[in-house]
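>>> could you work out the structure for the sequence below:
(2 chains)
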Amino acid sequence: MKNKNKSLIILGSLLLTYLFLMIGLSLGMINSYFSGVIVAILINVIMASSLTLVTGYLGELVLGHAGFMAVGAYTSALITMNLDLSAALEFPIALLCGGAFAAFIGILIGIPALRLRGDYLGIITLGFGEIIRIVLNNLKVTNGAKGLSGIPSYSNFTVTFFVTIVIVTAFYLLIKSRHGRAIIAIRENEIATDCVGICTFYYKTFAFAIAAFFAGIGGGLYAHYLQVLSPSSFGFLNSIEYLIIVVLGGMGSLSGTIIAAIVLGVLNEVLRAFSEYRMLIYSLVLISMMVCKAKGITVGLILDKLGLKNKLKFRGKQNISIGKEG
Amino acid sequence: MDYGILLMQQILNGLHIGSIYALIALGYTMVYGIVKLINFAHGDIMMVGAYIAFMMITAFNLPLPIAIIISMASCALIGMGIEKVAYKPLRNAPRMWALITAIGVSFFLETLFTILFGASSKPFPTLSLAPIQIGALQISQIMMISIGLSVFLMIALELFIKETKLGKAMRAASEDAKAAALMGISVNKTISIAFAIGSALGAIGGILFAMAYPQIKPLMGVMPGLKAFIAAVLGGIGILPGAMLGGFLLGIIESITKGFLSAFWPDASLWADAILFLILILVLLLKPAGILGKNVREKV
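Next up is the predicted model:
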């Protein structure tokens, strides 16, 4: 009963958020620039939560997540550009095909790569990610380094918002399910999980494929939001960007990842005012956030020291990361 | 055109660029060996080294060897400083956290130097020495200086690690930091020295890289840094001879695909990086711990 109430509250607040943003949009309080920013942040939420499944819950370092996004983006863009159907029909087909193809590539990469662990898996995924980028850079279909342009603009605010909600809900349900528990068990102790009779290889490949699937869908949304694609926007640094979100969100926490994606997205926009100093401030914030995190300094603690805690009734929940040791 | 000569020439070019990769890879491997951290900022330390030498030569008119020494010393200090500020507080935190700070430091250095010197590339004052002709082979003197200097430094480093007390401390700390601390080795000091030596070698690598392609820009460290890191992994990360082997191997593979295969296959240079990564993946799948690495069995 309690769970049902909780999900009703979440559903209600999501609808309220949507209505609020939608009214803002239609009344012109939120201009097209900000709605673009919101769509970009939502895509980041999808990308980061799909990476959380592998990095946070499965506990494996992946440095080539943008590669899957690229596969999904190119596949869906090519489908909508070459298919003459109504938008309501071809966009879902394109997104699903993009996701499916990304998942296929994910399985193809995952089967050999998941034999490795830790940093080596990170390197090998980095290698695969770069290979995907170079292949896209040299294929005729993808128009090489010039990239694709003239992709129909389907990813408006409403579509992206609801796709994000569906994906995040799917992740939430997945993590609570039998499969999700198996994935978390692998992170905690792979050998013990094997001994209990859980096929670790299957679950690892499964998590990898699911993450790639949703990254592919994220890529599809990205393609139809930006309307132009070039291989250079799926490089190593883009993969790193999603990893930053996952780690800041406190690996293995879906809500933390979503909050981190929103905070970093907003930070990025706010810092745009500082033009060339933007990345300088961003990097300093990044370093100090990680150092504070490691020293156990939280917002709650700072407020407590300042004597503000009782006044604000701040409920600081410390992010305890259960990442891999050593 | 004689393909034999072309192949020889490309192998020589590969040794040249490989010696630079090897120098940078040594920094990665030394740091990884002790703190198990992929120091993503190392490629940018190399850029910093090249810029310091550039300033010394153009603004203060210092001769190249003195510029190199000043650049090495200041990079060693910068490396130690970065370790103190950004990595030391995270030593007991999950490893992925330190990875993020390393990326943060890398962004910081890149933007700082973009703001200070501008994003465009600048010509690096290189030595204008006539290349030596041996038969049909052309050997530039910069190539000889590069290879000679890096081989000399590698031998010196190997001797340092093998023979001196500090080197022993370093090996002990990389094997088991806790046990080393119990034996009275100051692990903090050892880590600082590893960062200092790694950064100094990175600085030399940066200067040699800038001399090879006579220009510098704030983002010049990204690709060589990534490739040197791959070289370190290829040879077996944490193992010094592995980093050298990986560096030379990577350089030779790269220049053969770019310079030799392109004689038969015009698109080869476009695919060069893909071939590089493919080889890395194959090596890791066949020998997960790298070429010289030993497979450590996982224990319960």
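
>>> quick one: residues contacting residue B:88.
Residue B:88 sits next to B:188, B:191 when contact means CB atoms under 8 Å, 6 or more residues apart in numbering or on different chains. Quick note: C-beta positions are derived from backbone N, CA and C, even for glycine.

>>> all strands for chain B, in order.
B:122-123, B:132-134, B:137-139, B:215-216 (DSSP state E).

>>> contacts for the first one?
When contacts are taken as CB under 8 Å, 6+ apart, the neighbours of strand B:122-123 outside the stretch itself are B:54, B:214, B:215, B:216, B:217.

>>> let's see 7 Å
Applying CB atoms under 7 Å, 6 or more residues apart in numbering or on different chains, the contact partners of strand B:122-123 are B:214, B:215, B:216.

>>> swap in stretch B:76-85?
Taking CB under 7 Å, 6+ apart as the rule, stretch B:76-85 contacts B:41, B:45, B:48, B:105, B:191, B:192, B:195, B:196, B:198, B:199, B:200.

>>> stretch A:62-72 too?
Stretch A:62-72 has contacts (CB under 7 Å, 6+ apart) with A:47, A:51, A:54-55, A:98-99, A:101-102, A:105-106, A:122, A:125-126, A:128-129, A:132-133, A:136, A:212, A:215-220, A:222, A:231, A:234-236, A:238-239, A:242-243.

>>> from the middle of its chain, how far away would it be?
How far stretch A:62-72 lies from its chain's middle: 11 Å, per CA atoms, centre = their mean, to the nearest Å.

>>> alpha carbons only: can I get it in CSV?
Provided in CSV are the C-alpha atoms of stretch A:62-72 (Å, rounded to 0.1, in the frame of the first residue of the first chain):
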residue,chain,number,x,y,z
VAL,A,62,32.9,1.7,-19.4
LEU,A,63,34.6,4.5,-21.4
GLY,A,64,32.9,4.1,-24.7
HIS,A,65,29.3,4.8,-24.0
ALA,A,66,29.0,7.5,-26.6
GLY,A,67,29.8,4.8,-29.2
PHE,A,68,26.4,3.2,-28.5
MET,A,69,24.8,6.5,-28.6
ALA,A,70,26.4,7.1,-32.0
VAL,A,71,25.1,3.8,-33.4
GLY,A,72,21.6,4.6,-32.2
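
>>> what's the closest of the strands of chain B to residue A:149?
Evaluated with CB to CB, the strands of chain B place strand B:215-216 nearest to residue A:149, the distance being 31.5 Å.

>>> and that closest one, what does it pack onto?
Counting contacts by 3 or more CB pairs under 7 Å, 6 or more residues apart in numbering or on different chains; DSSP states H and E, strand B:215-216 is packed against helix B:42-60, strand B:122-123.

>>> who does it pair up with?
The strands beside strand B:215-216 in its sheet (DSSP bridges) come out as strand B:122-123 (antiparallel).

>>> per-residue confidence for residue B:218?
pLDDT for residue B:218: 90.

>>> tell me the contacts of it?
Residue B:218 touches B:47, B:110, B:113, B:114, B:117, B:119, counting by CB under 7 Å, 6+ apart.

>>> of those residues, buried ones?
Buried by 16 or more other CB atoms under 10 Å in any protein chain shown: B:47, B:110, B:113, B:114, B:117, out of the contacts of residue B:218.

>>> okay, helices next: where are they in the stretch 101-250 of chain A?
A:118-138, A:157-176, A:178-188, A:190-196, A:200-226, A:236-248 (DSSP state H, counting those that start in this stretch).

>>> quick one: name the residues of chain A near chain B.
Contact residues, chain A versus chain B (CB under 7 Å from any CB of the partner chain): A:61, A:112, A:116, A:119-120, A:123-124, A:127-128, A:130-131, A:134-135, A:138, A:191, A:236, A:240, A:244, A:247, A:251, A:276, A:279-280, A:282-284, A:286-287, A:290-291, A:293-295, A:321, A:323-324.

>>> which of the strands of chain B is buried the deepest?
Sort those by mean neighbour count, taking mean count of other CB atoms under 10 Å in any protein chain shown, and strand B:215-216 sits at the top with a mean of 19.

>>> give me the residues contacting that one.
With CB under 7 Å, 6+ apart as the contact definition, strand B:215-216 has outside contacts at B:50, B:51, B:54, B:121, B:122, B:123, B:124, B:210.

>>> what is the neighbour count of the last one?
Meaning residue B:210. By other CB atoms under 10 Å in any protein chain shown, the residues close to residue B:210 number 26.

>>> isn't it up against residue B:49?
No: Residue B:210 lies out of contact with residue B:49 (CB atoms under 7 Å); the separation is 8.8 Å.

>>> off-centre distance for stretch B:223-239?
The chain centre lies 8 Å from the centre of stretch B:223-239; the measure is CA atoms, centre = their mean.

>>> stretch A:111-128 now?
19 Å.

>>> extract the CA atoms of it and return them as PDB.
Extracted C-alpha coordinates of stretch A:111-128, given in PDB (Å, rounded to 0.1, in the frame of the first residue of the first chain):
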ATOM      1  CA  ILE A 111      30.800 -11.000 -25.400                       C
ATOM      2  CA  PRO A 112      34.600 -10.600 -25.800                       C
ATOM      3  CA  ALA A 113      35.100  -7.500 -23.700                       C
ATOM      4  CA  LEU A 114      33.300  -8.700 -20.500                       C
ATOM      5  CA  ARG A 115      35.900 -11.300 -20.000                       C
ATOM      6  CA  LEU A 116      38.100  -8.500 -18.800                       C
ATOM      7  CA  ARG A 117      37.600  -6.600 -15.600                       C
ATOM      8  CA  GLY A 118      38.200  -3.200 -14.100                       C
ATOM      9  CA  ASP A 119      40.400  -0.800 -15.900                       C
ATOM     10  CA  TYR A 120      41.100  -3.200 -18.700                       C
ATOM     11  CA  LEU A 121      37.400  -3.300 -19.500                       C
ATOM     12  CA  GLY A 122      37.400   0.500 -19.500                       C
ATOM     13  CA  ILE A 123      40.300   0.600 -22.000                       C
ATOM     14  CA  ILE A 124      38.700  -2.000 -24.300                       C
ATOM     15  CA  THR A 125      35.400  -0.200 -24.300                       C
ATOM     16  CA  LEU A 126      37.300   3.000 -25.000                       C
ATOM     17  CA  GLY A 127      38.900   1.200 -28.000                       C
ATOM     18  CA  PHE A 128      35.500  -0.100 -29.300                       C
END
